[in-house]
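In: could you work out the structure for the sequence below:
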Amino acid sequence: MNDETIHLLETSFAEVAAIREPAAALFYERLFANDPSLRSLFGGADMKAQGQKLMAALGFVVGGLRKPATVVPTLESLAIRHLDYGVRDSHYTTVGTALIETLALSFGARFTPELRKAWTEAYDLVSTIMREAAVRSRAPAVA
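Out: Take a look at the predicted model:
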């Protein structure tokens, strides 16, 4: 990912962080609208706390884009933990869609094709790392 894209993600995330609670609520609204079955993965979770975790994770990823080696192990660990919650590979697509919809709705006309591309590229990178970690963790150990 080039410096210009990273800068775009950093500056746009600063705006999202300023509206973190409504942005997180909108994300989960979009997530459950796109796949109502995902609501069951959250059980009785405090969705405000869940939104705080989401925003912290996004901030961690955006903050680590200039030094990806520091982010990858955490993303891999997160992916493995999410398996215990019932997350499947197909859910990553739904999450990506909800994220882009949230950003589009939050930024409105300012969600330019360039900004959409940057966030899509960042999410694709994160989801690839997480999906691959999940697959590896399910693979039988080689003796």
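In: mind listing the helices for this structure?
Out: 3-18, 20-34, 47-63, 72-84, 89-107, 113-138 (DSSP state H).
In: Throw these into TSV and include mean neighbour count and distance to residue 41, thanks.
Out: The way it works is simple: take the backbone N, C-alpha and C, and place the C-beta from them, glycine included. Below are the helices of the chain laid out as TSV (neighbours: other Cβ atoms under 10 Å; distance: least, Cβ to Cβ, whole Å):
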stretch	mean neighbour count	distance to residue 41
helix 3-18	15	23
helix 20-34	17	10
helix 47-63	16	10
helix 72-84	15	9
helix 89-107	17	8
helix 113-138	16	14
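In: name the spans of this structure whose pLDDT lies under the cut-off.
Out: The model of the chain has pLDDT under 70 over residues 141-143.
In: go again using 80 as the cut-off
Out: Scanning the chain with the threshold set as pLDDT under 80 gives 139-143.
In: I'd say residue 42 and residue 51 touch.
Out: No: Residue 42 is beyond contact range of residue 51, at 11.0 Å (criterion: Cβ atoms under 8 Å).
In: what is in contact with the two at once?
Out: When Cβ atoms under 8 Å, 6 or more residues apart in numbering defines a contact, no residue borders residue 42 and residue 51 alike.
In: for stretch 39-47, buried residues please.
Out: Buried residues in stretch 39-47, defined by neighbour count with 16 or more other Cβ atoms under 10 Å: residue 47.
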